[in-house]
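Chemist: can't give you the sequence, but here's the structure:
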């Protein structure tokens, strides 16, 4: 008779533990209450003892309370472009969000429509791509590099004139 191999659960990673502590701090959660929640819900005494799934669950709960109390806001753009994930040879959703966020920092558009139209004009003029969602892997790297260079050089463009971008 063979002994069953024990499968060790994956413990929470450093990012999850950090997020738990940030949320607990934002909520001004007393250590005794924090430990009580961990003990009652997950039968552990420290966040380092949580599995990955338990940590996700605990973070979700803490985020819910933090949002309800007004200490935390959900990032509405976190899932933006996720429907474009998994396209072979195309830019990832994270890369598309990065391009958009750097563009917003550079141009400071007044509206979303203004941001979209100026970004599309910039992409078409410089990279012959009509929309962010059509960026392939090689082009998105060039776009990110160009935008970071513009940012480093202190380019100050207006919200409506991307053509001035060098």
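Modeler: Thanks, I have the structure now. As the structure is a prediction and not an experimental result, all values here were calculated from the model.
Chemist: Check the secondary structure at the residue sitting nearest the centre point of the chain for me.
Modeler: By C-alpha atoms, centre = their mean, the chain has its centre lying nearest to residue 78, at 5.0 Å. Remark: residue 78 carries the secondary structure label coil [criterion: DSSP: H, G, I helix; E, B strand; the rest coil].
Chemist: next one: residue 87
Modeler: Secondary structure, three-state DSSP: residue 87 is coil.
Chemist: ok, for residue 115, nearest residue in space, not its chain neighbours?
Modeler: The shortest distance from residue 115 to any non-neighbouring residue, by C-beta to C-beta, 6 or more residues apart in numbering, is to residue 109 (3.9 Å). Glycine gets a C-beta too; all of them are placed from N, C-alpha and C.
Chemist: For the one you found, which three-state class applies?
Modeler: Look at residue 109: counting by three-state DSSP, its state is coil.
Chemist: Return the per-residue confidence for it.
Modeler: Confidence at residue 109, expressed as pLDDT, is 77.
Chemist: Now do it against residue 116, distance only.
Modeler: To residue 116, residue 109 is 8 Å away according to C-beta to C-beta, to the nearest Å.
Chemist: If you count surrounding residues, which of these two has more?
Modeler: It is residue 109, of residue 109 and residue 116, that has more neighbours when counted by other C-beta atoms under 10 Å, with 18 against 15.
Chemist: who are the neighbours of the lengthiest helix in the chain, in terms of helices and strands?
Modeler: Ranked by residue count under DSSP state H, the longest helix found in the chain is helix 52-69. On a contact count with 3 or more C-beta pairs under 8 Å, 6 or more residues apart in numbering; DSSP states H and E, helix 52-69 meets helix 14-26, helix 31-42.
Chemist: what sits up against the shortest one?
Modeler: Spelled out, that is helix 31-42. 24, 44, 45, 46, 47, 49, 50, 54, 58 (C-beta atoms under 8 Å, 6 or more residues apart in numbering).
Chemist: and the second one, how many neighbours does it have?
Modeler: The burial metric for residue 44, expressed as a neighbour count using other C-beta under 10 Å, is 15.
Chemist: Give me the nearest residue to it, chain neighbours excluded.
Modeler: Residue 44's closest residue in space is residue 38 (C-beta to C-beta, 6+ apart), at 5.3 Å.
Chemist: cool, the first one as well?
Modeler: Residue nearest to residue 24 in three dimensions, not counting chain neighbours: residue 34, with 5.4 Å by C-beta to C-beta, 6+ apart.
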